[in-house]
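Participant: here's a sequence, model it:
(chains A and B)
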Amino acid sequence: MKNKAMHLDDRLFSDKKLYLPLLAVVLILPWLPMGIAGPYVIRIATLTLVYMVLALGLNVVPGFTGLLDLGYVGFFGIGAYTAGLLTVYYHWSLWLVLPLAALNGALWGILRGAPTLRLSDDYFAIVTFGFSELIILVIKNELWLTRGPMGVPGIARPDLFGIVLNQPWQTYYLIFFFLLLVLWTVVRIRSSRLGRAWFAIREDEIAAECVGVNVARYKIIAFALSAAIGALAGAFYARWFRFIHPDMFKFWESILILCLIVFGGMGSITGALVGALVLIPLTEILRIVLPPEFSNARYLVFGLLIVVMMRWRPAGLLPVEKD
Amino acid sequence: MTERKSKKILLQTHNLVKKFGGLTAVKDVSLDVKAGEIVALIGPNGAGKTTFFNCLNQVTVPTSGAVTFADQSLVSVVSPATKLLVLRLSQVFAGLSLLWLPLVLGVVWPEAFFRLEAVIALSSLTLFRIYLLRPLSRFRPWSRLLLIIFMLVDIVCGAVWLARSAEFSEISFFGLFPFYPLLVPGAIILIAGALTLLVMFNLPRVREAFGRYLRADTITRLGMGRTFQNIRLFSSLSALDNVKLGRHCRTKANFFGTVFCLPQARREEQDSAEKAAECLRFVGLGDQLLTRAGALPYGDQRRLEIARALATEPRLLLLDEPAAGMNPTESRELITLVRRISRAGIAILIIEHDMKVIMNLADRIFVLDHGELIASGTPEAIRKDKKVIEAYLGAQ
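Facilitator: Numbers count the residues shown, from 1 in each chain, chains lettered A, B, ... in the order given. Presented below is the predicted three-dimensional model:
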């Protein structure tokens, strides 16, 4: 009976048989000999982990709180630019820049969330879309601050206790550490008072209010947490990629991150991870497999995959509950 | 009921009115529920019973009237005089807001005075501001905030304008008269006017007019639990999680406590799981803890809703047609359940169509018809009341 309504997520994180081999694979990955493609594979793995963090962060708003967010990349961009500019202008350490970026993300998450509290689903989605476009416009046009379309080149690599992490495996482990941090936060909250309040808002806002959930407050907390995680990923991304440009944070990215969680199963933590694990390497594999003139058509395959998924598994690859 | 218990009034409404446009759904309803009592609210379909319930816990905001729950006022009464005062103030401000046009123009783009499209654009913006000020007369909670934001904008604009005024000393209106002499007094009037209004809006009397709008969740914390006519469970969560959500307003674990696994948060979580399981056992769902709420049979869903309301530790439980769609056995079980809740010292206000349930349970009955209270009294008196029979069966 204990397993009756146990979430898939709970099973994954409590069952050692499931997660220990996974952990082993992830930890050994940088040391697997993969020929000349070695650094390339680690690079893709790092990118996948960045998208896992993003998917986990986005999952908080549409997955847990039930509000469709079409502008998540805005927070990714805010985090990246906060970290990038602080590093370029002040040469601060990663461990100072990262929390500041996350805080800045949370601040904008709240500022975006506060006026939209009363909006219902579709209207909220439109506002989020507009907000992310606004951020890109600001980044593109405020030359004095962001250098606009010239981008921000030469951002310092991440560092740890004064040592510069310049090996691919070092940054790989770094983002893996951040992933674990975010994962821990999200998993803890999902099965807590806070997470339940979010689920209640998702299921029925009026009933949630009537059992004593302060709907406005918990929505704001969800926005802030989601934005902070996005900004954290962005900050890491800026320090890892060492160059940021407004074109990196286009609307398409929001849709990509949303696809990850839709593919994996909305509201499911495992689903978000699996979504990123399948789709992000897939784009790279398709780049190699497809002839070069079709390499831009690889997102077509991507879209096809989502359509097929929606036909056969409408609730995602690993849905939260099965009846 | 003991004499001492029945004396203390828990819930009292005074001339509660709810209007939806031209339709008056609830009309001057005054009733009271004493501690530990079971009170029934009956009436034909569309009599306004559920609207009345929604007004009690502010899911819909009543048009006028007062609700007192556990010696606390839930809806503040707005006196007509105050309402008029606020209305006048908002009109004054709307008029003042017309001056905003030259103000902003002067600050941002002085040459714009001589460009038609800029004048049109800013005029429409000003009209939009006035349009936004309309809800002031209806005392929306956010209207004051809006007003204060506008005023602050005006103050800032005025100040900036004043500071930059020397720059515009050369400019003259259509080459006829100089701009500068108009500018300084205009800015001063706006700053002073906005400041005065800000102060005025903080006068206790006016502040009172905006009312202390308690949200539904605050009222639940005060001890008013409720169930819904059309079941509103969190259907994809387990039964236990549903009831744990009822504990939400009695617990305080926050983000940091949860993430860092602080002992207090952990203890609280355990505690709320135990209390929730206890509530589920109380309504007879002890073996369905982990079933998805949406997968429960209909009668169990109704009982789960009651368990969720009980978990909020209410002093007054509002039951909205708990026996709707139940078979005779289930409604008999419901009667015993309600009795047991009442024995635990919780007052109950129940809406019900099933007369057997009502006559069995209620200490007192109020009858609502077309939003008006037409009768009240003991079940025996109600059974014989002419008006009630008329409302149900039609006049002869």
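Participant: what ranges do the strands span in the stretch 101-250 of chain A?
Facilitator: For the stretch 101-250 of chain A, strands defined by DSSP state E, counting those that start in this stretch occupy the ranges A:152-153, A:159-160, A:163-164, A:243-244.
Participant: residue contacts, residue 305?
Facilitator: Assuming you mean chain A. Applying CB atoms under 8 Å, 6 or more residues apart in numbering or on different chains, one finds that residue A:305 lies in contact with A:263, A:279, A:282. Glycine gets a C-beta too; all of them are placed from N, C-alpha and C.
Participant: wait, chain B was what I had in mind.
Facilitator: Residues in contact with residue B:305 (CB under 8 Å, 6+ apart) are B:227, B:228, B:231, B:232, B:233.
Participant: nearest to chain A, out of those: which one, please.
Facilitator: For the contacts of residue B:305, the residue nearest chain A by CB to the nearest CB is residue B:232; the value is 3.9 Å.
Participant: of the contacts of residue A:305, which belong to helices?
Facilitator: Among these, DSSP state H puts A:263, A:279, A:282 in helices.
Participant: re earlier: can you redo the strands of the stretch 101-250 of chain A as TSV with mean pLDDT, distance to residue B:292 and mean neighbour count?
Facilitator: As requested, the strands of the stretch 101-250 of chain A are exported to TSV (pLDDT from 0 to 100; distance: least, CB to CB, whole Å; neighbours: other CB atoms under 10 Å in any protein chain shown):
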stretch	mean pLDDT	distance to residue B:292	mean neighbour count
strand A:152-153	88	49	18
strand A:159-160	85	45	16
strand A:163-164	82	51	10
strand A:243-244	92	45	19
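Participant: closest one to chain B among those strands?
Facilitator: The closest approach between chain B and any of the strands of the stretch 101-250 of chain A, judged by CB to the nearest CB, belongs to strand A:159-160 at 22.6 Å.
Participant: the closest one: partners in the sheet, and parallel or antiparallel?
Facilitator: Its sheet considered, strand A:159-160 pairs with strand A:163-164 (antiparallel) by DSSP bridges.
Participant: so residue A:220 makes contact with residue A:110?
Facilitator: Yes. Residue A:220 is within contact range of residue A:110, at 5.8 Å (criterion: CB atoms under 8 Å).
Participant: now flag whichever of the contacts of residue A:305 is closest to chain B.
Facilitator: Within the contacts of residue A:305, the smallest distance to chain B is 19.6 Å, found for residue A:263 (CB to the nearest CB).
Participant: how many neighbours does the closest residue to the closest one other than its chain neighbours have?
Facilitator: Residue nearest to residue A:263 in three dimensions, not counting chain neighbours: residue A:275, with 4.2 Å by CB to CB, 6 or more residues apart in numbering or on different chains. As a burial measure, the neighbour count of residue A:275 was computed by other CB atoms under 10 Å in any protein chain shown and equals 28.
Participant: please apply the same query to the one 5 residues further on.
Facilitator: Residue crowding around residue A:280 was assessed by other CB under 10 Å; the count is 22.
Participant: that older thread, neighbour-wise, which of the contacts of residue B:305 leads?
Facilitator: residue B:227 (27 neighbours).
Participant: rewinding a little: and the ones in helices among the contacts of residue A:305, which are buried?
Facilitator: Buried members of these, counted by 16 or more other CB atoms under 10 Å in any protein chain shown: A:263, A:279.
Participant: now the ones in helices among the contacts of residue A:305 as a markdown table including pLDDT and distance to residue A:63?
Facilitator: As requested, the ones in helices among the contacts of residue A:305 are arranged in a markdown table below (pLDDT from 0 to 100; distance: CB to CB, whole Å):
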| residue | pLDDT | distance to residue A:63 |
| --- | --- | --- |
| A:263 | 85 | 12 |
| A:279 | 87 | 16 |
| A:282 | 86 | 21 |
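Participant: what's the closest of the ones in helices among the contacts of residue A:305 to residue B:360?
Facilitator: For the ones in helices among the contacts of residue A:305, the minimum distance to residue B:360 (CB to CB) is 54.8 Å, reached by residue A:263.
Participant: OK, contacts around the closest one?
Facilitator: Applying CB under 8 Å, 6+ apart, one finds that residue A:263 lies in contact with A:271, A:275, A:278, A:279, A:305, A:306, A:309, A:316, A:317.
Participant: make a markdown table out of these and add secondary structure.
Facilitator: Formatted as a markdown table, the entries for these read as follows, by DSSP: H, G, I helix; E, B strand; the rest coil:
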| residue | secondary structure |
| --- | --- |
| A:271 | helix |
| A:275 | helix |
| A:278 | helix |
| A:279 | helix |
| A:305 | helix |
| A:306 | helix |
| A:309 | helix |
| A:316 | coil |
| A:317 | coil |
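Participant: how many other residues sit next to whatever residue of the stretch 101-250 of chain A ends up closest to chain B?
Facilitator: Taking CB to the nearest CB as the measure, the stretch 101-250 of chain A has residue A:212 as its residue closest to chain B, at 2.8 Å. For residue A:212, the tally of surrounding residues (other CB under 10 Å) stands at 27.
Participant: surely residue B:74 forms part of a helix?
Facilitator: No. Using three-state DSSP, the assignment for residue B:74 is strand, not a helix.
Participant: assumed residue A:97 was part of a helix.
Facilitator: Yes. Using three-state DSSP, the assignment for residue A:97 is a helix.
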